[in-house]
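Asker: Kindly return the folded structure for what I paste below:
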Amino acid sequence: MIVHNSSRKAAPAGRTIWLWLVVFVAAFAGLTWVALTSPPLRVDIDVERAVQAYHPAWLETLTEAISWLGFPPQSTIIDAVIVLAIFLTGRRWEAVCAAVAAAGSAGLWFLLTPLVHRPRPTPDLVRVVFELPSGGFPSGHVLNLTAFFGFLAFLAMSQIRPGPVRTLCVAACVALVVAIGFARIYSGQHWPTDVFAGYVLGAAWLLLSISLYRWRMRRSGAVEPAVRSR
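Answerer: This is a model prediction of the structure:
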């Protein structure tokens, strides 16, 4: 009976996910058009300078450490270790979908960045910690962490019973996703619109990963433990 009720609720939830997916894809398409056709926007420069206006040593160290997490090979190792840990707990389909969230978002970056090839911020306009050779649109750090840690937050919500542990897991994932966007702007290695595009595309890929997860759960007749416990 619980599975039946859950299935009845799945259809409206599924429609909402696809509606948001359309919104995110449309927003990313608009941002891509701006990146392809416009020089650095005045709002990009103004926001970047405002973010960089306060730069004490501790903030420099913190943002560099946060950005470091998103660079390969460490980003690949971190994602792989987390996916393996999920797999070893017996949640194999959850591990597969987490891997899809991580690998798919990375693949999107490798595909789109050379196609758009938007120049990154330059030292004559804003402060740049160090220059990177690849294009800056969208932000790969933001894209990957939004999709992967967003999916981990979803798993925590569906797999862990309500309580301090679940709250801590979700808060940690959300904090990291928010912090990486600030760090990439603060470093001067992305324009704010690059970062926003990373969030939008990462959210779209996150929704697809969640949809894949729920599709398999519905086909198997399974219900997440947190749902069963209510």
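
Asker: contacts and neighbour counts: CA atoms only from here.
Answerer: OK.

Asker: quick one, helices of this protein?
Answerer: When secondary structure is read from DSSP state H, the chain shows helices at 2-37, 42-52, 57-70, 74-88, 92-116, 140-159, 164-186, 192-220, 225-228.

Asker: what's the closest of those helices to residue 128?
Answerer: Closest of these to residue 128 is helix 164-186, at 8.5 Å (criterion: C-alpha to C-alpha).

Asker: so that closest one versus helix 57-70, what angle?
Answerer: Using axes from the mean of the first three to the mean of the last three C-alpha atoms, to 10 degrees, the direction of helix 164-186 lies 100 degrees away from that of helix 57-70.

Asker: which secondary element of this structure has the worst mean pLDDT?
Answerer: When each helix and strand of the chain is scored by mean pLDDT, DSSP states H and E, helix 225-228 comes last, with a mean of 48.

Asker: now, of the helices of the chain, which is deepest in the fold?
Answerer: Among the helices of the chain, the stretch with the highest mean neighbour count (mean count of other C-alpha atoms under 10 Å) is helix 140-159, at a mean of 26.

Asker: Nearest residue to the residue nearest to the spatial centre of the chain in space, ignoring adjacent ones along the chain?
Answerer: What sits nearest the mean C-alpha location of the chain, by C-alpha atoms, centre = their mean, is residue 146, with 1.0 Å. Once flanking residues are discounted, residue 146 sits nearest to residue 202: 5.1 Å by C-alpha to C-alpha, 6 or more residues apart in numbering.
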